[in-house]
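Participant: turn this into a structure:
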Amino acid sequence: MRALMFLVLAACAVSPAPAHPDAPAAAATAAPPAGHAACDACRGGRCSPGQARACRDLGNAHLRGARPQFDLVAAAEAFGVACEANDLVACVSFALQLQDGRGTAWDLPRAMVLYHRACDGGVGVGCFNLGLIYGDGNGVPRDMDKGRALMARAESLYLPACDGDQPELCANIGVLYEQGMVGSADPARAMAVYRKGCERGDHDSCANLAGFELDGTGAPPDRAVAMARAERDCERGGARSCGVLGRALDPTRQHFSPRAIALLARSCDGGVAPSCSFLTAVYALGRGVPVDLAKADELALHGCELGSATSCLDHARYLAANPTAAVPYLLQACHIGSAEGCKGAAELMSKGAVPEGRDTVRSLIDRACVLGDAAACASP
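Facilitator: Next up, the predicted model:
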């Protein structure tokens, strides 16, 4: 068997990654039958807001569960149709798939147009994702001032929604405070917002709050309270909380119980990419299960499809004997924000694995430099 490298098993912290407006916080549910009829009615952009929402819901359903329900192409199509019918939340979902090249061709310029449209229309996640692009210099010249202004705009849209009828946006505010995207990082302030969202029923807020309570971020650690919170939220459908609970059941990360692995699988099936990535390492390293590289690769592919750069890199390693097949996954990792993916794709392109296209060897090296790879910055 090929020797493969996987990241060390570690707790998955919140990171400044592009946000999905309808984050897969709940366990997998069947695709709504009415969604297909709604999408058909919305083709051409002429349908009611309710039909557009039903079409968007169909797209979200296709991002959860196992095949054949899980279908990135069908999700992108549904989001695109709903966006054409002026559902701006669907526009953000479609833009995110365009930005990562998941289920549709990579098209960052088009994604940015849609993010702008959503942000101008009052959808905070559009502002947030656009702010990340400018702040990171992701395919555009880095503009920290513009990035900060967009994050401030996102906060101004999130706050009344969190206090009103959209508690699911409380988690997004917490990320802004936790990561220092609107001023200095303030874990205690983030924790307070997560608590507010959790008390009002938001799954992501509960998962993030439980993570803080486990790690002692924003307040002294309280494992018993954190575990009980994650357990409750997982049981009522919080897929992220299932992942938090599954990881926490073995703090040593050495031997995961059948229950822990089942919880992580439930989280992965619920559309939580970090849980898929974590399980990849569990099976690859044999931490509580026999080593199963085929299962690990299956999980890596699914995590990559859900937007985990780590999973894309892991899947590309399984394809090391077939560089032509590995390049698309390295490119996807690069587009998501992995310098390692950019450099790996550039190296294989330079050796003729695939011809240069919109992504060139030079542009990939430059992107790796922007993402913080010092060796790439020194490359002639």
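
Participant: checking the residue positioned nearest the centre of the chain next. Helix, strand or coil?
Facilitator: The structure's the chain has its C-alpha centroid closest to G307; by Cα atoms, centre = their mean the separation is 5.0 Å. Three-state call for G307 (DSSP: H, G, I helix; E, B strand; the rest coil): coil.

Participant: and the pLDDT at it?
Facilitator: The model reports G307 with a pLDDT of 91.

Participant: what sits against it?
Facilitator: Listed by Cβ atoms under 8 Å, 6 or more residues apart in numbering, the contact partners of G307 are 17-18, 96, 100, 102, 273, 336. Every residue, glycine included, has its C-beta placed from N, CA and C.

Participant: can you pick out the most distant pair from those residues?
Facilitator: A17 and R102 (13.3 Å; Cβ to Cβ).

Participant: so the two - more neighbours on which side?
Facilitator: R102 (22 against 16; other Cβ atoms under 10 Å).

Participant: do I have it right that that one meets Q332?
Facilitator: Yes - using Cβ atoms under 8 Å, R102 is in contact with Q332, at 7.0 Å.

Participant: what's next to the helix or strand encompassing K146, contact-wise?
Facilitator: According to DSSP states H and E, K146 maps onto helix 144-163. If you take Cβ under 8 Å, 6+ apart as the criterion, helix 144-163 is touched by 119, 122-125, 127-128, 130-136, 169-170, 172-173, 176, 181-182, 193, 196-197.

Participant: so of these, which ones are in helices?
Facilitator: Among the contacts of helix 144-163, the ones falling in helices (DSSP state H) are 119, 124-125, 127-128, 130-136, 170, 172-173, 176, 193, 196-197.

Participant: quick one: residues contacting V73.
Facilitator: 103-104.

Participant: 7 Å instead?
Facilitator: Going by Cβ atoms under 7 Å, 6 or more residues apart in numbering, V73 touches G103.

Participant: what's the following helix or strand after the strand or helix carrying it?
Facilitator: Assigned by DSSP H and E, V73 belongs to helix 72-84. The first helix or strand that comes after helix 72-84 along the chain, using DSSP H and E, is helix 88-100.

Participant: okay, the angle between that next one and helix 72-84?
Facilitator: On the basis of axes from the mean of the first three to the mean of the last three Cα atoms, to 10 degrees, helix 88-100 is oriented at 140 degrees to helix 72-84.

Participant: ok, residues contacting helix 88-100?
Facilitator: With Cβ under 7 Å, 6+ apart as the criterion, helix 88-100 contacts 18, 20-22, 52, 56, 59, 76, 79-80, 82-83, 103-104, 106-108, 110-111, 114-115, 117-118, 121, 123, 125-126, 129, 307, 332, 335-336.
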